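Chemist: Next comes the sequence, and after it the predicted model I'd like to discuss.
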Amino acid sequence: MGVADVVPLVDQHCHGVATGEVDPREWLSEAKNARRHPFRSLLGLSVRRWCAPVLGMPALAPAEEYLWRRAELGWHEVSKRLLTAAGVRHWFVDTGYVPGPVTSPAGLAELGGGTGHEVVRIEAVAEAVQKSAPTPEALLDKITAALHVAPAIAFKSIVAYRYGLALPAEQPDRAEALRAAAPWLRAKDTILTDPVLLAWLVHEAARVGAERGLPLQFHTGFGDADLRLSSTDPVLLTDFLRVARCQVVLLHCYPFHRNAAYLSHVFDNVHVDLGLTIPFVGVRSAAVLAEVLELAPFDSVLYSSDGNVLPELHYLGAALWRRAVNTLTDSWLAEEALTTADAERLAYGILGGNAARLHRL
Amino acid sequence: MGVADVVPLVDQHCHGVATGEVDPREWLSEAKNARRHPFRSLLGLSVRRWCAPVLGMPALAPAEEYLWRRAELGWHEVSKRLLTAAGVRHWFVDTGYVPGPVTSPAGLAELGGGTGHEVVRIEAVAEAVQKSAPTPEALLDKITAALHVAPAIAFKSIVAYRYGLALPAEQPDRAEALRAAAPWLRAKDTILTDPVLLAWLVHEAARVGAERGLPLQFHTGFGDADLRLSSTDPVLLTDFLRVARCQVVLLHCYPFHRNAAYLSHVFDNVHVDLGLTIPFVGVRSAAVLAEVLELAPFDSVLYSSDGNVLPELHYLGAALWRRAVNTLTDSWLAEEALTTADAERLAYGILGGNAARLHRL
Amino acid sequence: MGVADVVPLVDQHCHGVATGEVDPREWLSEAKNARRHPFRSLLGLSVRRWCAPVLGMPALAPAEEYLWRRAELGWHEVSKRLLTAAGVRHWFVDTGYVPGPVTSPAGLAELGGGTGHEVVRIEAVAEAVQKSAPTPEALLDKITAALHVAPAIAFKSIVAYRYGLALPAEQPDRAEALRAAAPWLRAKDTILTDPVLLAWLVHEAARVGAERGLPLQFHTGFGDADLRLSSTDPVLLTDFLRVARCQVVLLHCYPFHRNAAYLSHVFDNVHVDLGLTIPFVGVRSAAVLAEVLELAPFDSVLYSSDGNVLPELHYLGAALWRRAVNTLTDSWLAEEALTTADAERLAYGILGGNAARLHRL
């Protein structure tokens, strides 16, 4: 029993789980159409180690048996068991990426207990508006209006995938943004990739976020093969962070997590998460989290799972963050580097307290 | 006795050993004419710790005694003992770098047991052809022909040293390549440094490699002072990797090994090695390998020694990779993160099985 | 009792301590006007763990009690106790940054024992001369003259803060430097930010340093929010290092410390320090130092504290470097990776011997 086992959890960034049967092997890697055995990885081992018992199997059951048992139970029971076992009180769900039929924030909470909240992806807001905006002026105005009324607990940007994180310090002015909007409105493709419009959008979200008290999350660091890793280093956000008035959350961050921790150290409004990272690195979670804590103020570190489609990922996020916090605090207690009260406060903050304060839960 | 002690080894990237007496102190550092004491480093400690007993001395014998004993035994006996002790079944030997009289692949295998294979350095192929090509057209044609017939188990590129790894996604077209070839043919210097020709060459090797089923190895990460570390980050290969149809092996990788592991995660045809790194980091081998395994699929990780001139390096590669795998699997077994069967399969794959499959041994 | 507990210490880079009461909470972070709780960090825990006993309190006393006790004792007694407890024989004090009333090198030594030496910040030299130089010619000449006579044990450059470390391989010629000097002489602002003049200055200091036998220190890696982290990677110095004839010391380095270690590996005149890093990362000191030792020759690693204003930082530098060296050597002794004599030499070198040799103490 570690200090992390009794604190309320806030999964401050995840996605819905599939509402139907899917092949788990397709969702255990960031590779596309991966031909490698998805269970031969630290993530695969963690699924067998930690999820199998929740489904009534021995720890480390073979992958084939795991898949068989999972199919036998069906997606609903599997999701219910794993999400409930996560013990999460608040789920912050990014609704802007829909790879198939998935739960809504409320639907996720219905399966797993606790309360669902919506993380609004700002690129999805812009792309939804684009379909109906008659003019560039209307486009910009409707985006701003949509950001003002979006039922969000936080905004999120995936500009790391579209252009990279080297955002300008200044928001492109309205004339520039209008010029960039015109060709996009004429285009059939609704994916927003124009760097000027993206920069305008992120700055607009930061401005509205500051007004509404909503943090702005950024995908940073590794993800699938669509991104260029070197464009996702959160340090590229430095110019933006110097002027941003909203609270900022750096998601995932790996392998730039020490850089992210530096940013959370020098900028009071920057927070650091290891969402996607923790389930993937499995048994190495404590080692990676330790690197973040080297510079990150304890009040700036936030747990999330980045769970997506498979409830295994939501559960592993909770289980492995808890385990990482326990491992570090146990070893630091053993060398008398902190007190039990310090360890409890650290666990409480990272696993939910910091997110609760930041989002005024 | 760990799981790594009984598996057959494939050293999938090394060089020949000197066929004559050399001063080991000149080959224990990547510095040129290093004036620092070469044994005061983790590599130096590893030589004394692991190689001394193979030469019949106590572990950690003083450096001076080690050098005396080594000279007493002579290069042939030293090489025979160390290479045999490595327990390698297949040696993949880069024959494109000859700092003095060294063994051929067959000569290395004769000393150490097992079978020698040739890794063909593509820049050396081009430079050999350049000497006799009468025209740019002949140069390109002869390079392609040479790649088609080279007796290779794999190709290797050292473009990291010449231009860096930021290769274009597209092969420069023939007209461009011909324009770049002309001045090189007129030059007295045969070293290929033209970025257009280098890009053409690497793409050509990737194309021929895909046809022939030969992987293409890249030097990435640290090496001697001739390179610029920031130009050797394997992430710079992203554009190239998106289009490459051949299998790719990222050699060495340090300190970008987490980046390399990310690439092996998202690209099914990318593999990651820590060749040069492991002997150098000595007692830290398990720590560095653990960082690779955070994201790298287990089937994508390959052992090599990058042993060069000194058989100590070949032996340390084998001994320290084995030790690193044992250390990690032992600690993961202790926390029940995998089964003994998982550990055995992991050791088997990394130390030889993955290379055997990739190279169809 | 570890091998590091009995060796003489040379703190080869620090600043003065405040000569008056200051609020420690303002100096425990690199953030400006940090609103986060400064004791909720690994640095904050280390202050409570290691400094509290020196002030007569139990280890890990609450932050509030620590502050109360500190105020009760007063700055003079606090400084005397902590600096003396550091057990430093030589203090190298950068006098070019004066955030308030602080001790001189001699004053620091008076409080803490040992001898004070001056590290001369070359940008401060140029800025002092600028105030009185009548012409660009005079400016350059006076800078050179000042570098020749400065009472320095080493030079230091903070060009990482002003322009970044991507210095040209060649010193800008006199005509260029004169052209760059003219507008600066006319400017009211005396802060030197012109890239040409900065490059000229660093090369000039390297030249004079080579003549005088003075090492040139560089701030590299993290610091406060004024810098852009990506401009402080010591690898950016590669061109400069290839031509520099003086000894070079890379300060701080985090999170680029593996890159710095690579540079110290391939360049015989490059040394690596973790000054600012060690106090900040606290309980993680051994982990970070281990990463440096992966490639850094043992004779190239130098201890410093980067202590500034608060004597806690000077003391933590000494205590945590000692502890890191003990931790690593103990674990390496346990796995028989070195002998006790090796461990002692390693500790002696890193903690003071290497600096003593480099600076001819």
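Modeler: Received it, and whenever you're ready, just let me know what you need.
Chemist: Quick one: residues contacting the closest residue to residue A:237 other than its chain neighbours.
Modeler: Setting aside the residues directly before and after it, residue A:237 is nearest to residue A:165 in space (Cβ to Cβ, 6 or more residues apart in numbering or on different chains), at 5.0 Å. Glycine gets a C-beta too; all of them are placed from N, C-alpha and C. By Cβ atoms under 8 Å, 6 or more residues apart in numbering or on different chains, residue A:165 lies in contact with A:159, A:218, A:220, A:231, A:232, A:233, A:234, A:236, A:237.
Chemist: and the gap between the first one and residue A:197?
Modeler: I take that to be residue A:159. From residue A:159 across to residue A:197, the span is 10 Å (Cβ to Cβ, to the nearest Å).
Chemist: same question, the third one
Modeler: The spacing between residue A:220 and residue A:197, counted by Cβ to Cβ, is 20 Å.
Chemist: ok, the two, which is more surrounded?
Modeler: Ranked by neighbour count (other Cβ atoms under 10 Å in any protein chain shown), residue A:220 and residue A:197 place residue A:220 first, with 31 against 28.
Chemist: What backbone torsions are found at the more buried one?
Modeler: Backbone torsions of residue A:220, given as degrees, to the nearest 10, read phi -130, psi 150.
Chemist: so what secondary structure elements neighbour the strand or helix carrying residue A:278?
Modeler: Secondary structure from DSSP states H and E places residue A:278 in helix A:277-281. Helices and strands touching helix A:277-281, by 3 or more Cβ pairs under 8 Å, 6 or more residues apart in numbering or on different chains; DSSP states H and E, are helix A:42-46, helix A:285-293, helix A:311-334.
Chemist: Residue C:174 is nearest to which of those?
Modeler: With Cβ to Cβ as the measure, helix A:285-293 is the member of the helices and strands packed on helix A:277-281 nearest residue C:174 (46.4 Å).
Chemist: Return the distance of that closest one from the chain's centre.
Modeler: 17 Å (Cα atoms, centre = their mean, to the nearest Å).
Chemist: That one near chain C anywhere?
Modeler: Yes: Helix A:285-293 lies within reach of chain C by Cβ under 8 Å from any Cβ of the partner chain, at A:290, A:291, A:293.
Chemist: and the nearest residue to the last one once chain neighbours are set aside, what is it in contact with?
Modeler: When you say that, I think you mean residue A:293. Nearest residue to residue A:293 in three dimensions, chain neighbours excluded: residue C:42, at 6.2 Å (Cβ to Cβ, 6+ apart). For residue C:42, the contact set (Cβ under 8 Å, 6+ apart) comprises A:293, A:294, C:280, C:281, C:282, C:283, C:284.
Chemist: Look up how far residue B:217 lies from the first one.
Modeler: So the one you mean is residue A:293. Taking Cβ to Cβ, one finds residue A:293 at 37 Å from residue B:217.
Chemist: List the buried residues for stretch A:238-257?
Modeler: Applying a neighbour-count criterion of 16 or more other Cβ atoms under 10 Å in any protein chain shown, one finds A:238, A:240-241, A:244, A:246-257 buried in stretch A:238-257.
Chemist: Secondary structure and pLDDT for the contacts of residue A:165 - can I get that in a markdown table?
Modeler: A markdown table is the format used below for the contacts of residue A:165 (DSSP: H, G, I helix; E, B strand; the rest coil; pLDDT from 0 to 100):
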| residue | secondary structure | pLDDT |
| --- | --- | --- |
| A:159 | helix | 98 |
| A:218 | strand | 98 |
| A:220 | strand | 98 |
| A:231 | helix | 96 |
| A:232 | coil | 98 |
| A:233 | coil | 98 |
| A:234 | helix | 98 |
| A:236 | helix | 98 |
| A:237 | helix | 98 |
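Chemist: Give me the more crowded residue out of residue A:293 and residue B:217.
Modeler: Taking neighbours as other Cβ under 10 Å, residue A:293 and residue B:217 compare with residue B:217 leading, 31 against 24.
Chemist: tell me which element the more buried one is part of?
Modeler: Applying DSSP H and E, one finds residue B:217 within strand B:216-220.
Chemist: Any part of that strand near chain C?
Modeler: No: residues of strand B:216-220 contacting chain C under Cβ under 8 Å from any Cβ: none, with a closest distance of 13.3 Å.
Chemist: Direction included, what does that strand pair against?
Modeler: Paired neighbours of strand B:216-220 in the sheet (DSSP bridges): strand B:154-157 (parallel), strand B:248-252 (parallel).
Chemist: distance between it and the chain's centre?
Modeler: 8 Å.
Chemist: burial count for the residue in the stretch 101-250 of chain A positioned nearest to chain C?
Modeler: Of all residues in the stretch 101-250 of chain A, the one sitting closest to chain C is residue A:235 (4.7 Å; Cβ to the nearest Cβ). The number of residues packed near residue A:235 is 19, by other Cβ under 10 Å.
Chemist: what do you get for residue A:127?
Modeler: Neighbours of residue A:127 (other Cβ under 10 Å): 17.
Chemist: how about the nearest residue to it, chain neighbours excluded?
Modeler: residue A:190 (4.9 Å).
Chemist: Residue A:56 reaches residue A:72, doesn't it?
Modeler: No: using Cβ atoms under 8 Å, residue A:56 is not in contact with residue A:72; the gap is 9.8 Å.
Chemist: Could you give the number of residues near residue A:224?
Modeler: By other Cβ under 10 Å, neighbour count at residue A:224 equals 12.
Chemist: Which parts of the stretch 1-150 of chain A are helices?
Modeler: A:42-46, A:52-54, A:63-86, A:105-112, A:122-130, A:136-149 (DSSP state H, counting those that start in this stretch).
Chemist: Could you save these as a markdown table and add columns showing mean pLDDT?
Modeler: Output for the helices of the stretch 1-150 of chain A, formatted as a markdown table (pLDDT from 0 to 100):
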| stretch | mean pLDDT |
| --- | --- |
| helix A:42-46 | 98 |
| helix A:52-54 | 98 |
| helix A:63-86 | 98 |
| helix A:105-112 | 98 |
| helix A:122-130 | 96 |
| helix A:136-149 | 98 |
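Chemist: Single out the most deeply packed of those helices.
Modeler: Comparing those by mean neighbour count (mean count of other Cβ atoms under 10 Å in any protein chain shown), helix A:42-46 ranks first with a mean of 24.
Chemist: Please state the offset of that helix from the chain centre?
Modeler: The answer for helix A:42-46 is 19 Å, by Cα atoms, centre = their mean.
Chemist: Could you export the contacts of residue A:165 as CSV, including distance to residue C:9?
Modeler: Output for the contacts of residue A:165, formatted as CSV (distance: Cβ to Cβ, whole Å):
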residue, distance to residue C:9
A:159, 48
A:218, 43
A:220, 39
A:231, 44
A:232, 41
A:233, 36
A:234, 36
A:236, 39
A:237, 39
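Chemist: Of these, just the buried ones, PyMOL syntax please.
Modeler: Here is the PyMOL command that selects the buried residues among the contacts of residue A:165 (16+ other Cβ under 10 Å):
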select buried, chain A and resi 159+218+220+231+232+233+234+236+237
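Chemist: which parts of chain A sit against chain B?
Modeler: Residues of chain A lying close to chain B by Cβ under 8 Å from any Cβ are A:29-37, A:40-42, A:45-46, A:49, A:59-60, A:222, A:224-225, A:228-230, A:254-255, A:280-284, A:287-288.
Chemist: Quick one: buried ones out of those residues?
Modeler: By 16+ other Cβ under 10 Å, the residues of chain A next to chain B give A:29-31, A:34, A:36, A:40-42, A:45-46, A:49, A:60, A:222, A:225, A:229, A:254-255, A:280-284, A:287-288 as buried.
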